[in-house]
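>>> structure for the following, please:
(one chain, ligands or ions: 1)
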Amino acid sequence: ALYADPSDVPRTVYDYVVIGGKPIFSSVQSTDAQFRVLLIEAGPSNKGLFDVEVPFFCTNLSPGTSLDWNSTTTPQAGLSERVMAYPRGRLLGGSSSTNYMIWTRGSKDDFNRWAKVTGDQGWSWDALEPFRKAIEHIAPPVDGHNTAGDIDPSVHGTDGPLGISLGESLSTDGMVTRTTRQLSEFPFNVDMNSGNTIGIGYTQSSISDGTRDSSATAYILPALSTHTSLDVLINTQVLKILQTGTDSGLPAFRGVQFAASPNGRVYTVHATKEIILSAGAVSSPQVLMLSGIGNATELKTNGITPIVDLPDVGQNLQDHPVIGNIFTVNTTTPTFDDIQRNATLAAADLAEWESARKGPLTQSTSALLGWLRIPDNSPIFANHIDESAGPTSAHYELLFIDGFSASVQPFPATGRFFTIATAVVSPSARGSITLASADSFDLPIVNPNLLDNAVDVAIMREAIRAARRFAAAPAWAGYITGEYSDLAAAQTDAEIDAYVRNGSRTIFHPAGTARMAPFGASHGVVNPDLTVKGTRGLRVVDASVFPFITASHTQAPTYVVAERAAHLILQAALVDTERREHELVAP
Ligand SMILES: Cc1cc2nc3c(=O)[nH]c(=O)nc-3n(C[C@H](O)[C@H](O)[C@H](O)COP(=O)(O)OP(=O)(O)OC[C@H]3O[C@@H](n4cnc5c(N)ncnc54)[C@H](O)[C@@H]3O)c2cc1C
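Below you'll find the model as predicted:
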C-alpha cells in the first residue's frame, strides 16, 4: 500500500528497504513476490501532478519548486564564480519524474570501460543487452508519422514497462537532417542507442501516449497495484542507515531511521536481507556519510563516529556542462517561443493535449540531437588526457531546440529563435559532495567543479564552432538570419571562453559519487555487485555508482544499473536461501 505518514507503516521488519523511488525494488518484486519490500521516498507521489505528466512543462518542475530539492552549488571557479541551481527531483520516481525525458543509453565504449575498470565483464555493453531491452518498448509518435529510418527497432526492447518514442515532426527537422547530408562532419545516425552514438539523429524520449513515463509510472505505481508485498512510504526522509551488528566480521547495516520532518518523530525499520540506497548522486553519499561511512577524518570533523573509512564517498562527482547557443530566425511558422508568449496559442495547445494527448505539448526539448568527436590528433589533447571512452563515445553533444533556450540570458519579448545547445560529455573536471553538517535535513555541499579545467573549456569552444558550422550549412539559408546577442559577441578564442564561463550551467547529470571499483580495491565506494565496500547488507543503486559518467544523458544508464542490480540482488537472495537450507539440513 501507499502510506503518506510513517506512523501508518504496518511493519517494522521487511526483507528489503529501498531508499528513494527507483525501479529496482519492483524488479525484485515482480520476479519473486515472496519478498516484503518497503520503499521510502522523501517527496510526494507523482500521481495526478499535471506539470509532471505534460512533457512540454518539464521546465516548470525545477528549480525553485516543492518537487525539487533546491540545492545550489558552491561558487564555481570555472563558471566565473557563479552559484548555480542544482536541480533533482524530490517525488516518487525521483528526477525521472522531473527530467527532460531524453532517452540515450550511452556508448559501447562507455560500458566496456566500466567493465574494464571494475574487473566485471557483467558491466560490458554486450552483457547488459538483456537488461537494456527489458526496460523499454517503442511507443508510436503521437502524430502517427512513419518513423522508418528514424529509429532502429532491432536494438530496442519490445515489452518492457517504459515507453520510448520519437516526437511529433517539427518544421525545423528537415533542415537538421538536410545538414547531415550536406556536411560530412555531421553524419546522420539512424539510432544513437545502438552502441555507436556518433552522429545526428532523432531524439528518443521516455514519453508514451504524449505523456511522461518515469520509474514511478512504469514500475512503482503498477507494482503497487499488483503486489501486496510492497509498501511505499512517501513524504518521509531517511535520516541515516544504522549498523545492526556484524556479519562475517564486517559491520552489517540493516536498519533505517526516518522522519517526516526535522522535528518529527524518528522511526526505525529493519531489513532481513538488504538496504538498497537509491537516493541519487547527491543524497546517496550524504546518507552514507551520515551513517558513518566515508572519509573518517571528515566524518569526525562533523561530529559523526566513523564506522567504515571510505575516503571516496562523495568524491569523483562528474557532470556535463551545457550552453544554449541562440540564432535568430526568419519564419512565420510558430516556434516554441510562441507557446511561451502567446496565451491563446498556449491554451489551444493545452486543449489539444488534454483532449487527444497530441500537439506541441507532447514534446520535451529537442527533436533531434547529436554526438560528436574532436579529431584524435587535435592539439587539445597534446597536453591533456582525452577522457572519452573510445571511438563510439562523443566529446560533445549538439541539441537542436526549436526556440530560445538559454540559462542566463533573459527570454526576449519578441522574435523567433533556434538554439543549438552544446554540452561537454567527456569531462575531465571532478567535483564533490560533502556534508554541511551532521543534520540529515541540511542539504549537502555540492561542488560539481564544472569547466574548472582547460580541456573541458577547449572542448566546449570546439563544440560552439561546430554549432556555427552546422548553422551555416545551405539547409538553413533564409531561415537562420544571424547569431543572437552573447553568441554574436563571442568570436575570438578568449571571447568564446568568457562566453562559455559566463553562460554555461549543469545539464543535470550528477554521477560517480559512490563509484564502483573492483573487489579488494582500496579506492571506490561500491564493489562491482554494488555492495558497499567493507559492509554487509547495504547496496547503492543509482547514478552515484557510475565509475565514469557516460557520454549520454544519464537516466537510461541509471535504469540499466537498476535492472542489473535487481538481477544481482535476486542472485544473492538465492545463494542466501540455499545456504540457510543447507545449514538447516546439515547434521
Ligand atoms: C531537471 C533535470 C532534467 C534532466 N533531464 C534528463 C534527460 O532529459 N535525460 C536524461 O537521461 N537524464 C536527465 N536528467 C538526469 C536523470 O534524471 C538522472 O540521471 C536520473 O534520474 C538519476 O537517477 P538517480 O536514481 O541517481 O537519482 P534521482 O532520480 O535523483 O532519485 C533519487 C530519489 O531519492 C530520493 N531521496 C533522496 N534523498 C532521500 C532521503 N534522504 N530519504 C528518502 N528519499 C530520498 C529523491 O527524492 C529521489 O526521489 C535530468 C535531471 C534533472 C534534475
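
>>> near the ligand, which residues of the stretch 251-400 of the chain are found?
Residues of the stretch 251-400 of the chain lying near the ligand by CB under 6 Å from any ligand atom: 278-281, 283, 287. Backbone N, C-alpha and C define where each C-beta goes, glycine included.

>>> report the two of the residues you listed separated the most.
281 and 287 (11.8 Å; CB to CB).

>>> of the two, who's got more company?
residue 281 (32 against 26; other CB atoms under 10 Å).

>>> what packs against the host helix or strand of that one?
Assigned by DSSP states H and E, residue 281 falls within helix 280-290. Counting contacts by 3 or more CB pairs under 8 Å, 6 or more residues apart in numbering; DSSP states H and E, helix 280-290 packs against strand 237-247, strand 267-277, strand 432-434.

>>> does anything pack onto the next helix or strand after the first one? Which helices or strands?
Think strand 237-247. As assigned by DSSP H and E, the chain's next helix or strand after strand 237-247 is strand 250-259. Judged by 3+ CB pairs under 8 Å, 6+ apart, strand 250-259 is in contact with strand 237-247, strand 267-277.

>>> centre of the chain to strand 250-259, how far?
26 Å (CA atoms, centre = their mean, to the nearest Å).

>>> what's it in contact with?
6, 17, 19, 40, 233, 236-246, 265-272, 274-275, 291, 293, 307-308, 532, 534-538 (CB atoms under 8 Å, 6 or more residues apart in numbering).

>>> mind putting the helices and strands packed on strand 250-259 in CSV, distance to residue 110 and mean neighbour count included?
Listed next are the helices and strands packed on strand 250-259 as CSV, based on distance: least, CB to CB, whole Å; neighbours: other CB atoms under 10 Å:
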stretch, distance to residue 110, mean neighbour count
strand 237-247, 30, 19
strand 267-277, 23, 22
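
>>> quick check: end-to-end length of stretch 425-441?
Counting by CA to CA, to the nearest Å, you get 32 Å between the two ends of stretch 425-441.

>>> one step back: and residue 514, which of the helices and strands packed on helix 280-290 is closest to it?
Using CB to CB, the nearest of the helices and strands packed on helix 280-290 to residue 514 is strand 267-277, at 8.2 Å.

>>> and that closest one, what does it pack against?
Applying 3+ CB pairs under 8 Å, 6+ apart, one finds that strand 267-277 contacts strand 13-19, strand 237-247, strand 250-259, helix 280-290, strand 538-540, helix 555-585.

>>> now that strand - C-alpha only, CSV.
Provided in CSV are the C-alpha atoms of strand 267-277 (Å, rounded to 0.1, in the frame of the first residue of the first chain):
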residue,chain,number,x,y,z
TYR,A,267,11.1,5.8,13.3
THR,A,268,13.2,2.8,12.6
VAL,A,269,12.7,-0.1,10.3
HIS,A,270,14.9,-3.2,9.7
ALA,A,271,15.7,-5.3,6.7
THR,A,272,16.3,-9.0,7.0
LYS,A,273,18.2,-9.1,3.7
GLU,A,274,19.4,-5.7,2.4
ILE,A,275,19.1,-1.9,2.5
ILE,A,276,19.2,-0.5,-1.1
LEU,A,277,20.3,3.1,-1.1
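
>>> before we move on, back to that, which SSE is immediately downstream of the helix holding residue 281?
Next along from helix 280-290, by DSSP H and E: strand 293-294.

>>> who's in contact with that following strand?
253, 285, 288, 306-311, 313-314, 532, 534-535.

>>> try stretch 170-187
188, 198-200, 202, 331, 333, 363, 367-368, 370, 372, 400, 402, 418, 466, 469-470, 473-476, 479.

>>> now do the strands in the stretch 51-200 of the chain.
Taking DSSP state E, counting those that start in this stretch as the criterion, the stretch 51-200 of the chain contains strands spanning 71-72, 85-86, 136-138, 162-166, 199-202.

>>> partner strands of the longest one and their direction?
Each strand pairing with strand 162-166, determined using DSSP bridges, is listed with its direction: strand 136-138 (parallel), strand 204-205 (antiparallel).

>>> I'd like the ones you listed as CSV, with mean neighbour count and mean pLDDT appended.
Output for the strands paired with strand 162-166, formatted as CSV (neighbours: other CB atoms under 10 Å; pLDDT from 0 to 100):
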stretch, mean neighbour count, mean pLDDT
strand 136-138, 21, 97
strand 204-205, 26, 98
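
>>> a markdown table for those, including distance to the ligand?
Output for the strands paired with strand 162-166, formatted as a markdown table (distance: least, CB to the nearest ligand atom, whole Å):
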| stretch | distance to the ligand |
| --- | --- |
| strand 136-138 | 13 |
| strand 204-205 | 8 |
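
>>> give the contact list for the residue lying closest to residue 539 once chain neighbours are set aside.
If the residues on either side of it in the chain are set aside, residue 539 comes closest to residue 530, at 4.6 Å by CB to CB, 6 or more residues apart in numbering. When contacts are counted by CB under 8 Å, 6+ apart, residue 530 touches 516, 539-541, 545, 561, 565, 568.

>>> spell out which residues of the stretch 401-550 of the chain are next to the ligand.
508-509, 542-543.
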